[in-house]
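S.K.: Sequence first, then the predicted structure:
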2 protein chains.
Amino acid sequence: MFSSDDNMQAGVVFPQGFRAAGVSAGIKKSGKKDVALIVSDRPAAVAAVFTQNRMAAAPVVVAREAVADGRARVVIVNSGVANACTGAAGVNDARDTAAYAAARLGCRPDEVVVASTGVIGKRLPMDILRAGIDAAAAALSATDGSTAAEAIMTTDTCMKAGTAETGLGGKSVRFGIIAKGSGMIQPDMATMLCFITTDAAIAPALLQEALRDVTGTTFNMISVDGDMSTNDMVAVLANGAAGNAEIREKNADYHRLRDTLHTLCAEMARRIAADGEGATKFLTIKVGGARDFAAAKQVAMSVAKSPLVKTAFFGEDPNWGRVAAAVGYAGVPLDPERVSIAFGGITVYRGGVSTGSDEGALRRIMQEREITLTIDLGDGDAAATVWTCDLSYDYVKINGEYRT
Amino acid sequence: MFSSDDNMQAGVVFPQGFRAAGVSAGIKKSGKKDVALIVSDRPAAVAAVFTQNRMAAAPVVVAREAVADGRARVVIVNSGVANACTGAAGVNDARDTAAYAAARLGCRPDEVVVASTGVIGKRLPMDILRAGIDAAAAALSATDGSTAAEAIMTTDTCMKAGTAETGLGGKSVRFGIIAKGSGMIQPDMATMLCFITTDAAIAPALLQEALRDVTGTTFNMISVDGDMSTNDMVAVLANGAAGNAEIREKNADYHRLRDTLHTLCAEMARRIAADGEGATKFLTIKVGGARDFAAAKQVAMSVAKSPLVKTAFFGEDPNWGRVAAAVGYAGVPLDPERVSIAFGGITVYRGGVSTGSDEGALRRIMQEREITLTIDLGDGDAAATVWTCDLSYDYVKINGEYRT
């Protein structure tokens, strides 16, 4: 179902009735693309989830208002400047951005979802941004969504896009997705930037419910550095161009749509964790045998966020004691004697002690690019999976030098 | 009152009636000192606080039992092996250690406080440790506590010791302190290893209350990497050799003793943060204007633990946006418009926006070795101070290679 390579070029314009473009407006000093536009040719149902950061950026404030009525047509994103910690003036800039894009594209300002990513504390260069919106509007394409995917990137080393297709009510329905994220990654109820398009017809309230469900087990389950951004946002536009009967209840079509969203979002979440700043390892932390999902997630996040665990993986050192310590301080009641820890397929800790596993085999697992850590708490049936990456010299380099 | 340089050599033997020694037993491959002994010549009141990690190490389990009756005479510490995640066999090893030291020094096993620090998951080499206890017992000194301070170190780059003297009930009373800690530092209710001696006479319950009070605003207010150890322990022995009337109520003497403990512990806490693994900067995070102490601490810890903040300080980049983001995701309700943030003496964020402060002056502050970050939440009168350090290449190097 998930087809990321073949249709990556199409991305968010894979569904019918969508066009997109990304251009270099000059907000980034590097000259890389920094303004993206996604446009539906008709009003679409919209749903979105946002950062829980109390210092939420201006575009988050304005986008929250725009999606409140469940309808939207346009997504305008800039990278390079986050428009965060910019006060009332920043909120005005975000409103002006929406108004300008609306006028340029012939819709109402409240049909425009604005998003930003980049340096915190700087005002948007509005003249440059307006010129960028003009250029992007002129470049809108119904076949190439890759320039938009590129324009939302910051420290990402690779573009993150994908598409999917499924049948709903006898109609073939398409989905497109683009995402960015590499540092300041510790989403909660929302995440980095991710935009999803679909030509499915679905009632906005159900779309919102499906999105919230899906982010809970995808974007909210990744951590690069434990830093929750001021600008996180995931938005989905469903324009109904596929002609399926509008989904108005939780029937089989609803579940199929939600499952498709889940597949797309899980893949993007994994790619964001794998592309974590400076990452050399992609780590999957599976916690099972937990009392409930929250406990499993808490333990998995505790391990995923531990700098000592992350540097051990960077050093390819099977130092499971650090994993045990992070399990122990997660704040979840547990009996050490019932806990087990495995690196790859090798159990290293069980019954309160080392299993004395083969060090050579362990070292070979540590040399892999993708490693799964499996932790069983022996305390129930609930499970959770978190995706993360290691902590390398390059993370320090990238973030010691990012702004300068 | 705090005299760290002049009496560092004496350390824990500065108070009357204490002897100490540290020796190289061979637990550490490096050949550095790894067994420390602190002995009171008479039974002493004892108080201690321990890690809250659910994977608490065997010595923590055994030491908890030993201090339960409020009396102790001996502290035996080894470095190199943490005796954590070693199950029932590890607990037996810790008990055997206490029994062996007790027999060697002529006291009861339950008068011995055992502590360990080092690699998790390995059994103690008991023969080597016993020989180390013999050697340390033979080397006990009433004038030099520095070998014991040295023997509890792991990745610490400098010895941490100090002394203090005060008057209690007309008698001159002395205190000595040694501590270790550099990585896996995120204490909660207890901390790393720290041992305090005093010749004051005080009832054990009051000593415990004073110690708990003091650790709440000292050791529990530091973070190097957010990783809470399995082996944290702070213990104080008060042997009454000074001849003051035993403190049995919260009188002026009690408060003077508690204040002295506070001075000693605060200094050790700051030194541990400053000696954080790979640290190039010592950071003091002061949060004021909070609703209560817990809220102030939560915000300060959120900033102190942020990898993005820590790498920015390493890069000497006055990237206050990352501080604002960490304040925002701390989980404390706040109004961004009422928050202010200052680097050194320069306010960078106020009223929801950048103050447009002088970038050159900010850069000069970032070049200092010790930097204070002041955050006001504008929401009350409570305050908290947390000490931490930056995140450097060397943290990654030290922890990517520690065990191998």
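M.R.: All right, it came through fine. Numbers count the residues shown, from 1 in each chain, chains lettered A, B, ... in the order given.
S.K.: low-scoring pLDDT stretches of the stretch 201-350 of chain A, where are they?
M.R.: Along the stretch 201-350 of chain A, segments meeting pLDDT under 70 span A:226-227, A:229.
S.K.: Flag every residue of it that's near chain B.
M.R.: For the stretch 201-350 of chain A, the contact set with chain B under Cβ under 8 Å from any Cβ of the partner chain comprises A:225-230, A:305-308, A:311-312, A:314-315, A:317, A:319-322, A:324-330, A:332-334, A:336-337, A:349. C-beta here means a position set from N, CA and C on the backbone, and glycine is covered the same way.
S.K.: unless I'm mixing things up, residue A:237 is touching residue A:198, no?
M.R.: Yes: between residue A:237 and residue A:198 there is a contact under Cβ atoms under 8 Å: 7.3 Å.
S.K.: So if I had to pick from the two, which one is more boxed in?
M.R.: Of the pair residue A:237 and residue A:198, residue A:198 is the one with more neighbours under other Cβ atoms under 10 Å in any protein chain shown, namely 34 against 31.
S.K.: Tally up the residues packed near the residue lying closest to residue A:355 once chain neighbours are set aside, please.
M.R.: Spatially, and ignoring its direct neighbours in sequence, residue A:355 is nearest to residue A:347 (5.3 Å; Cβ to Cβ, 6 or more residues apart in numbering or on different chains). For residue A:347, the neighbour count with other Cβ under 10 Å is 16.
S.K.: related to what we said a few turns ago, just the buried members of the residues of the stretch 201-350 of chain A next to chain B?
M.R.: Among these, those buried by neighbour count (16 or more other Cβ atoms under 10 Å in any protein chain shown) are A:225-230, A:305-308, A:311-312, A:314-315, A:317, A:319-322, A:324-330, A:332, A:334, A:336, A:349.
S.K.: can you tell me which of those are in helices?
M.R.: Using DSSP state H, the subset of these located in helices is A:305, A:307-308, A:311-312, A:314, A:320-322, A:324-328.
S.K.: Pull the most distant pair out of these.
M.R.: Farthest apart among those by Cβ to Cβ are A:314 and A:328. That separation is 21.9 Å.
S.K.: For residue A:152, give its distance to residue B:253.
M.R.: Note on residue A:152: its distance to residue B:253, by Cβ to Cβ, to the nearest Å, is 65 Å.
S.K.: of those two, who's got more company?
M.R.: Per other Cβ under 10 Å, whichever of residue A:152 and residue B:253 has more neighbours is residue A:152, with 30 against 25.
S.K.: tell me the pLDDT at that one?
M.R.: On the pLDDT scale, residue A:152 is placed at 91.
S.K.: My read is that it contacts residue A:36, right?
M.R.: Yes: counting by Cβ under 8 Å, residue A:36 is a contact partner of residue A:152 at 5.2 Å.
S.K.: what's the neighbour count on residue A:70?
M.R.: Residue A:70 is flanked by 14 other residues according to other Cβ under 10 Å.
S.K.: Contact partners for it?
M.R.: Shown in contact with residue A:70 (Cβ atoms under 8 Å, 6 or more residues apart in numbering or on different chains): A:45, A:46, A:47, A:203, A:204, A:205, A:207, A:208.
S.K.: Check which residues of the top helix by length along chain A are buried.
M.R.: Counting by DSSP H, the longest helix found in chain A is helix A:252-274. Buried residues in helix A:252-274, defined by neighbour count with 16+ other Cβ under 10 Å: A:253-254, A:256-258, A:260-274.
S.K.: how about the strands in the stretch 1-150 of chain A?
M.R.: In the stretch 1-150 of chain A, the strands defined using DSSP state E, counting those that start in this stretch lie at A:2-3, A:18-23, A:35-50, A:71-81, A:112-119.
S.K.: Make a markdown table out of these and add distance to chain B.
M.R.: What follows is these, written out as a markdown table (distance: least, Cβ to the nearest Cβ, whole Å):
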| stretch | distance to chain B |
| --- | --- |
| strand A:2-3 | 31 |
| strand A:18-23 | 24 |
| strand A:35-50 | 13 |
| strand A:71-81 | 11 |
| strand A:112-119 | 6 |
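S.K.: burial count for residue A:381?
M.R.: Neighbours of residue A:381 (other Cβ under 10 Å): 10.
S.K.: pretty sure it contacts residue A:289?
M.R.: Yes: counting by Cβ under 8 Å, residue A:289 is a contact partner of residue A:381 at 7.4 Å.
S.K.: Relative to chain B, how far out is residue A:395?
M.R.: Going from residue A:395 to chain B by Cβ to the nearest Cβ, to the nearest Å gives 7 Å.
S.K.: Surely residue A:122 and residue A:81 touch.
M.R.: Yes: Residue A:122 is within contact range of residue A:81, at 5.0 Å (criterion: Cβ under 8 Å).
S.K.: So for the two, which residue has more residues nearby?
M.R.: More crowded of residue A:122 and residue A:81, by other Cβ under 10 Å: residue A:81, with 24 against 19.
S.K.: for that one, what are its contacts?
M.R.: Contact analysis of residue A:81 by Cβ under 8 Å, 6+ apart lists A:27, A:116, A:118, A:119, A:122, A:123, A:124, A:125.
S.K.: hang on, the earlier thing: joint contacts of residue A:152 and residue A:36?
M.R.: Contacts common to residue A:152 and residue A:36, judged by Cβ under 8 Å, 6+ apart, are A:22, A:77, A:79.
S.K.: If you rank those by neighbours, which is first?
M.R.: When neighbours are counted by other Cβ under 10 Å, residue A:22 leads the shared contacts of residue A:152 and residue A:36 with 30 neighbours.
S.K.: The nearest residue to that residue once chain neighbours are set aside and chain B: what is the separation?
M.R.: Distances taken as Cβ to Cβ, 6+ apart place residue A:151 nearest to residue A:22, at 2.9 Å, with adjacent residues excluded. Separation of residue A:151 from chain B (Cβ to the nearest Cβ): 21 Å.
S.K.: what do you get for residue A:254?
M.R.: 32 Å.
S.K.: My guess is that residue contacts residue A:202. True?
M.R.: Yes: look at residue A:254 against residue A:202 with Cβ under 8 Å: they come within range, at 7.5 Å.
S.K.: any residues in contact with both of the two?
M.R.: Joint contacts of residue A:254 and residue A:202 (Cβ under 8 Å, 6+ apart) are A:210, A:247.
S.K.: that older thread, could the shared contacts of residue A:152 and residue A:36 be laid out in JSON lines, adding pLDDT?
M.R.: Shown next, in JSON lines, are the shared contacts of residue A:152 and residue A:36 (pLDDT from 0 to 100):
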{"residue": "A:22", "pLDDT": "97"}
{"residue": "A:77", "pLDDT": "94"}
{"residue": "A:79", "pLDDT": "92"}
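S.K.: got the contact list for residue A:197?
M.R.: A:12-15, A:18, A:38, A:40, A:175-177, A:236-239.
S.K.: For it, what is the enclosing helix or strand?
M.R.: strand A:193-198 (DSSP states H and E).
S.K.: between that strand and strand A:112-119, how big is the angle?
M.R.: Relative orientation of strand A:193-198 and strand A:112-119, computed by axes from the mean of the first three to the mean of the last three Cα atoms, to 10 degrees: 150 degrees.
S.K.: Run me through the strand neighbours of strand A:193-198, direction for each.
M.R.: Looking at strand A:193-198 with DSSP bridges, its partner strands are strand A:171-180 (antiparallel), strand A:233-238 (parallel).
S.K.: Report the rounded mean pLDDT for that strand.
M.R.: On average, the pLDDT along strand A:193-198 is 86.
S.K.: For that strand, list the C-alpha coordinates in PDB.
M.R.: Output of strand A:193-198 as PDB, limited to C-alpha atoms (Å, rounded to 0.1, in the frame of the first residue of the first chain):
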ATOM      1  CA  LEU A 193       5.800  19.400  10.100                       C
ATOM      2  CA  CYS A 194       3.700  16.800   8.200                       C
ATOM      3  CA  PHE A 195       1.100  17.500   5.500                       C
ATOM      4  CA  ILE A 196      -1.200  14.800   4.100                       C
ATOM      5  CA  THR A 197      -3.500  15.100   1.100                       C
ATOM      6  CA  THR A 198      -6.200  12.800   0.100                       C
END
